[in-house]
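> Coordinates only, no sequence provided:
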């Protein structure tokens, strides 16, 4: 479970996140939508412990900056984070070693699912942007995290990888993982979201639960444009 | 040049100046640079008032200038074999190359733009006034001439790189042949200079200077010609100035005509360098330190192989170093070590102090290129579920053996050149190691406190922090020297003072920042 309580993040005088509170239950997929500059990436970086903030964030009851929380977290950054001088397979080896995990073939399974196994000996620097993104996803999932946070995970992915990632998310959800995804590709999450938060100017402008009455009458896309273009306030 | 291209050039310049006013960090940085320039001017003038000052042979300076231009030109042209010249940025490629503007006009736009960049890059020369004025009695005007020569050499180097790339990018075979010819010419010049200098072992330095100032080296394309021109101006030999400038101008004309009349399709050839430069700039904006640009990396043995938990970071660094061809010490460090040894050769009668100060000054930059700073730009080190102090120690662990080896590589030859005692040599090595630790501590402190701040402010604070951390050691050394509390010798006292203060200060800083990886902000937004 992920819990965010009254989180405020400022860059100098600019308020990137203003008093944000929400939680995501086990086995739930939450989606963050919002225009550019709404503060989605900032709240995600706060959650995974990359930024300082005011407020409280806990991962399965542990403070998000504690070692216990880090063990449970998996993070896909908005720009692929790969090491130039490590091969694809060595990235997974590094994660395994750093997280003190024994080799059980899961890394290979991930690489195969994302069609990277035949590129396992290629250096990070020689990968295309899309392949770097796939590798970033594999690194984030290699330690079987209980809470998965993804910032624009679909950018640069080919159709096979998109399909595989969606399947992966469903499996993680079925396995009880907590998932938070920030995305601009609204249609890509239409078929598996549980809760959607629409962000505007650093705050939540609306929250919708899948299956609720108001969500059934409007698609996510319609809701998004109604909020972001229709001057919709807090809903 | 077309109106659109002039508009782009002028608007970029205007906006850069305007951004100074909008960003206090940049403005402070600019003001401090100007103040430092003033201090350099003032201190140079003050030092020149010393009645015991000995003016050195100006031919040493002209040889040094030619050598500097040569290294610069070779580095830029060497780049041409792999990437081409860096005349254009990625926005130029995307917006100007696709616009209905003739290739010739676009080429002149690129050349004009490059000229400005070349001069800006050489600005560091202006900060060398103090010691150059003190040693060679040169005026500020001469320094400006050296800067202009530097700018022209870089500019012509870029143009040459672009042409070489355009003509050789079609195949590995032709590139290999041109490269072999190029290295053969360079090798011939280098062999001439070294053999001439080695001809009289007791007079190596004067003979080295003589060889570099000789007509043969003056014929070396671009670097030799520009060295000839600038030396001619400094020594009042008008013929040298005119010949050097004349050949360079003719060369530029020929190269431009070659590009225009062979209808060289240079667009494709500059795209690669533009993309590389763009990714380097983006990486820099995001706080990343780019890996040494290498076209072909020898992957070698696979796997990290060792480490469990935080020490996986250390073993990963070892693997990355091996792939970057920096077995223990990087190529950049070797080049800097060579510069320091050369510096010692020129100042061999001045004792260890100026060489050590110069080496330490260079060290401030080399420490910043360490793996720690690169690691901090990726999220993994923050995410790994290990104690932050342990991750921090493992992230700086690879620095110690490389720093030790670097110190040995520098100070053993320096000891022979300056004739240092074994004790002083050993202390120099330990003192350099202590500065490595101190500057690493400074880097960590900066990340802990100012990681989210603007780049201009971080660069500014970088120097301030390094000076503050080194202050206790320097203060102790000064106090002991002034009060006459000398132990064994003045050199031993000074070096020991630095070591005694640097090590505890750096350990304290690292300990106080032990939770940096838990609370610091990832260095990009």
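Yep, that arrived. Because the structure is predicted, anything quoted here is derived from the model rather than measured. Residues are numbered from 1 along each chain as shown, chains lettered A, B, ... in the order given.

> Local confidence estimate at the one residue in the stretch 351-500 of chain B that gets nearest to chain A?
Going by C-beta to the nearest C-beta, chain A is nearest to residue B:385 of the stretch 351-500 of chain B, at 3.9 Å. C-betas here are computed from N, CA, C, even on glycine. Among the per-residue scores, residue B:385 shows a pLDDT of 92.

> That one belongs to a helix?
No - read with DSSP: H, G, I helix; E, B strand; the rest coil, residue B:385 is coil and lies in no helix.

> Can you report how many residues neighbour it?
Residue B:385: 19 surrounding residues under other C-beta atoms under 10 Å in any protein chain shown.

> Next, the contact list for it, please.
The contact partners of residue B:385, taken as C-beta atoms under 8 Å, 6 or more residues apart in numbering or on different chains, are A:67-68, A:70-71, A:99.

> By neighbours, which of those residues wins?
Counting neighbours by other C-beta under 10 Å, residue A:70 comes out on top of the contacts of residue B:385 with 23 neighbours.

> Quick one: residues contacting the nearest residue to residue B:297 once chain neighbours are set aside.
Ranked by C-beta to C-beta, 6 or more residues apart in numbering or on different chains and with sequence neighbours excluded, the top spatial neighbour of residue B:297 is residue B:323, at 5.4 Å. Going by C-beta under 8 Å, 6+ apart, residue B:323 touches A:85, A:123, B:297-300.

> Ok, residue A:133 next?
When contacts are counted by C-beta under 8 Å, 6+ apart, residue A:133 touches A:80, A:153, A:155-157, A:161.

> For chain A, which residues are neighbours of chain B?
Residues of chain A found near chain B (C-beta under 8 Å from any C-beta of the partner chain) are A:11, A:45, A:48-52, A:65, A:67-68, A:70-71, A:73, A:75, A:77, A:79, A:81, A:83-87, A:89-90, A:93-95, A:97-100, A:121, A:123, A:125, A:139.

> Among these, which are located in helices?
The helices, defined by DSSP state H, take in A:45, A:67-68, A:70-71, A:89-90, A:93-95, A:97-98, A:139 from the residues of chain A next to chain B.

> Just send these back as a markdown table, with pLDDT and distance to residue B:107 too.
A markdown table is the format used below for those (pLDDT from 0 to 100; distance: C-beta to C-beta, whole Å):
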| residue | pLDDT | distance to residue B:107 |
| --- | --- | --- |
| A:45 | 90 | 44 |
| A:67 | 90 | 58 |
| A:68 | 92 | 60 |
| A:70 | 91 | 53 |
| A:71 | 92 | 57 |
| A:89 | 94 | 45 |
| A:90 | 94 | 43 |
| A:93 | 94 | 48 |
| A:94 | 94 | 46 |
| A:95 | 93 | 48 |
| A:97 | 93 | 51 |
| A:98 | 92 | 50 |
| A:139 | 94 | 44 |
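
> need the residues of the stretch 351-500 of chain B near chain A, please.
So the stretch 351-500 of chain B meets chain A at B:378-380, B:382-387, B:452 (C-beta under 8 Å from any C-beta).

> if you set the cut-off to 10 Å instead, what comes out?
Applying C-beta under 10 Å from any C-beta of the partner chain, we find that the stretch 351-500 of chain B lies next to chain A at B:374-375, B:377-388, B:391, B:394, B:451-454.
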